[in-house]
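Asks: sequence and predicted structure, then a few things I'm wondering about:
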Amino acid sequence: MYTYNEAIAYIESIPKFTSKNDHIHTAVFLGKLGIKTDETEMPEFKIIHVAGTNGKGSVCAFLSNILVQCGKRTGLFTSPHLIRHNERIRINNEIVSDHLFLEAFEQVKYTVEQIMEEGQAHPSYFEFLLGMGMYVFDRMGVEYILLETGLGGRLDATNVFRKPCLSVITSIGMDHMEYLGNTIEEIASEKAGIIKPEVPVVYWGEEEAPAAVIEKQAELNDSLAVKVSKKDYKIIKKNHKGVDFYSLCGYYLKSAFTVPFPAEYQVQNAMIALRAVELLEDIKEERESIREGIAGTRWEGRMEEAAAGIIFDGAHNGPGIDEFICAFREYPCEGRKYILFSVVKDKDYDYMIRRLCDTDVSRIYITRIDSDRGLDENEILQDFAKYNITAELKVIPDVRKAFAQAAWDRKEQDVLFCVGSLYLIGELKQEVSPC
């Protein structure tokens with residue numbers, strides 16, 4: 001028997017002695033857990049598989065809350081977690097308990113020992129957690145599963161299921177180029193690898209190049225392709241609590257909805273979820289539940305009002321920062337706007353910093369994430385300085401001290417935005433109680 005802390009220590013040690021495996025390995029591993037991956041006619045679960053560069057977690061959250069509001073028992077598997085590993089596995093939007101998490105761990109660990117005795121490799125870190133998630137979903141008897149890819153799509157462990165009920169691809173941008181390719185078309189091709197024969201795909205098609213790749217892959221698979229773009233919705237009004245919008249297309253034409261986030265990019269994600277719901281015959285008529293599902297969605301670290309006048313946003317790459325800046329500029333503020341910023345080494349931090357310099361931010365607090373991947377605070381400072389930024393720059397290496405100082409300096413009418421990395425948001429979440 002393991003304790004919870006021992007289980008976490010084991011999971012965190014996995015990258016030290018294994019590597020990424022192929023889908024044959026994942027299928028064998030899940031099969032030993034009693035999870036079928038090759039069913040093409042009558043799958044055990046209705047899986048909605050979601051890929052994309054940005055927004056896939058939010059789309060999963062919207063869809064999960066809609067399904068729950070419509071009375072469907074729903075499993076949600078996402079990554080990464082902000083504070084605790086349990087966050088990756090949810091039943092009806094509730095984070096799995098430590099007891100069930102530990103039960104899943106012990107069952108998966110036992111299964112791993114079995115397959116290794118048969119000469120199979122140890123599952124990767126992500127595979128192991130996917131196995132735990134699928135065990136929980138099977139154990140708890142869910143009907144729908146929202147399955148978010150970890151990285152890319154085509155080779156991702158989540159892509160082992162041959163017959164999801166729906167594929168969804170959110171916005172695509174330049175990120176993880178070392179794994180997915182150096183052009184937007186190459187990255188789009190990896191994401192489009194989740195498209196299965198005759199399984200509908202809903203996708204964000206505002207950008208022509210990635211949309212063309214997705215459409216071609218859908219055609220090759222004889223899959224219905226539902227394109228979503230900015231012309232499909234109209235903003236009615238915005239405030240610091242949310243955005244009201246009309247759907248201008250599809251089954252919910254001229255219907256009004258509200259997203260509880262002060263950022264237009266979440267309208268984009270909600271619209272993707274709405275077009276996906278149109279294809280779910282068992283819930284698409286539940287208009288009021290769908291409306292309530294969108295309005296009641298909660299997703300931490302995405303333009304989240306963590307406390308009065310303090311916003312957490314997990315923008316951690318170029319496309320994410322672009323969306324954050326749009327929200328930053330439009331956010332109502334009677335005083336000054338401040339930013340607390342940190343980033344990891346393997347992101348395009350120069351682009352992120354350059355874009356932040358092109359705002360009316362009054363002061364930027366620079367700190368360092370408590371991780372080997374965290375970029376040194378002095379390197380961040382030097383990067384800001386080379387763009388001749390007019391905002392005041394304060395360097396406080398310790399994240400907690402930086403946040404405490406920024407929160408202390410903020411006047412009642414000012415707004416503090418914390419941005420740059422999900423690791424940063426995870427550290428800060430432990431300092432602030434939700435509003």
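Replies: Received, thanks.
Asks: show me where pLDDT drops low in the stretch 251-400 of the chain?
Replies: Residues of the stretch 251-400 of the chain meeting the criterion pLDDT under 70: none.
Asks: ranges for the helices of it?
Replies: 264-277, 287-295, 318-330, 349-357, 377-386, 399-409 (DSSP state H, counting those that start in this stretch).
Asks: of those helices, which approaches G141 most closely?
Replies: helix 287-295 (20.9 Å; Cβ to Cβ). (Glycine included, C-beta is placed from N, CA and C.)
Asks: for I24, the count of nearby residues, please.
Replies: Using other Cβ atoms under 10 Å, I24 has 10 neighbouring residues.
Asks: actually E208, not the one I typed
Replies: For E208, the count of nearby residues is 8 (other Cβ under 10 Å).
Asks: if we can go back for a sec, return the most buried member of the helices of the stretch 251-400 of the chain.
Replies: Burial among the helices of the stretch 251-400 of the chain, expressed as mean neighbours by mean count of other Cβ atoms under 10 Å, is greatest for helix 264-277, which shows a mean of 26.
Asks: how far does stretch 302-317 sit from its chain's centre?
Replies: Counting by Cα atoms, centre = their mean, to the nearest Å, stretch 302-317 is centred 14 Å from the centre of its parent chain.
Asks: can I get it in PDB, CA atoms only?
Replies: Listed next in PDB are the C-alpha coordinates belonging to stretch 302-317 (Å, rounded to 0.1, in the frame of the first residue of the first chain):
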ATOM      1  CA  ARG A 302      -7.500  31.900 -17.700                       C
ATOM      2  CA  MET A 303      -8.300  35.600 -17.200                       C
ATOM      3  CA  GLU A 304      -9.400  34.400 -13.700                       C
ATOM      4  CA  GLU A 305     -10.300  37.100 -11.100                       C
ATOM      5  CA  ALA A 306      -8.300  35.400  -8.300                       C
ATOM      6  CA  ALA A 307      -9.000  38.300  -5.900                       C
ATOM      7  CA  ALA A 308     -10.400  41.800  -6.300                       C
ATOM      8  CA  GLY A 309      -8.300  43.600  -8.800                       C
ATOM      9  CA  ILE A 310      -6.000  40.600  -9.400                       C
ATOM     10  CA  ILE A 311      -6.100  38.600 -12.600                       C
ATOM     11  CA  PHE A 312      -4.400  35.300 -13.300                       C
ATOM     12  CA  ASP A 313      -3.800  34.300 -16.900                       C
ATOM     13  CA  GLY A 314      -1.800  31.300 -17.900                       C
ATOM     14  CA  ALA A 315      -0.700  32.700 -21.300                       C
ATOM     15  CA  HIS A 316       2.600  30.900 -21.800                       C
ATOM     16  CA  ASN A 317       3.400  31.200 -25.500                       C
END
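Asks: the lengthiest helix in the chain packs against which elements?
Replies: In the chain, assigned by DSSP state H, the helix with the most residues is helix 98-117. The helices and strands touching helix 98-117, judged by 3 or more Cβ pairs under 8 Å, 6 or more residues apart in numbering; DSSP states H and E, are helix 4-13, helix 23-32, helix 125-139.
Asks: go ahead and name everything in contact with that helix.
Replies: 1-4, 7, 10-11, 28-29, 32-33, 85-86, 89, 96, 122-123, 128, 131-133, 135-136, 139-140 (Cβ atoms under 8 Å, 6 or more residues apart in numbering).
Asks: on that earlier part again, for S58, find the nearest of the helices of the stretch 251-400 of the chain.
Replies: Checked against Cβ to Cβ, the stretch from the helices of the stretch 251-400 of the chain lying closest is helix 264-277, at 4.3 Å.
Asks: quick one: that closest one to helix 287-295, angle?
Replies: With axes from the mean of the first three to the mean of the last three Cα atoms, to 10 degrees defining the directions, helix 264-277 sits at 150 degrees from helix 287-295.
Asks: can you tell me the centre-most residue of this structure?
Replies: For the chain, the residue nearest the mean C-alpha position is G57 (2.7 Å; Cα atoms, centre = their mean).
Asks: quick check on that one: phi, psi?
Replies: Main-chain torsions, G57, degrees, to the nearest 10: phi -60, psi -40.
Asks: next up, the contacts around it.
Replies: T78, E148, W299, R302.
Asks: relative to K411, how far out is it?
Replies: Per Cβ to Cβ, to the nearest Å, G57 is found 33 Å from K411.
Asks: quick one: the strands in the stretch 201-350 of the chain?
Replies: In the stretch 201-350 of the chain, the strands defined using DSSP state E, counting those that start in this stretch lie at 201-204, 225-228, 233-239, 242-247, 256-259, 304-307, 310-313, 337-341.
Asks: these: which one's closest to C165?
Replies: C165 lies closest to strand 201-204 among these, at 11.4 Å (Cβ to Cβ).
Asks: any idea whether the nearest residue to S64 once chain neighbours are set aside is helix, strand or coil?
Replies: Nearest non-adjacent residue to S64, counting by Cβ to Cβ, 6 or more residues apart in numbering: L76, 4.6 Å away. Look at L76: counting by DSSP: H, G, I helix; E, B strand; the rest coil, its state is strand.
Asks: what does the one 3 residues further on give?
Replies: Under the three-state scheme (three-state DSSP), the conformation of S79 reads as coil.
Asks: my guess is it meets I89, correct?
Replies: No: assessed by Cβ atoms under 8 Å, S79 is found out of contact with I89, at 10.1 Å.
Asks: okay, and the common contacts of these two?
Replies: Common neighbours of S79 and I89 are listed as L129 (criterion: Cβ under 8 Å, 6+ apart).
Asks: higher neighbour count, these two?
Replies: Just comparing S79 and I89: by other Cβ under 10 Å the higher neighbour count belongs to I89, 25 against 20.
Asks: list phi and psi for that one.
Replies: According to degrees, to the nearest 10, I89 has phi -120, psi 120.
Asks: that one and F101: what is the separation?
Replies: 7 Å.
Asks: which residues do these two both contact?
Replies: M132, V136.
Asks: helix, strand or coil for N159?
Replies: Applying three-state DSSP to N159 yields a three-state assignment of helix.
Asks: that one contacts G193, correct?
Replies: Yes: using Cβ under 8 Å, N159 makes contact with G193 at a distance of 6.6 Å.
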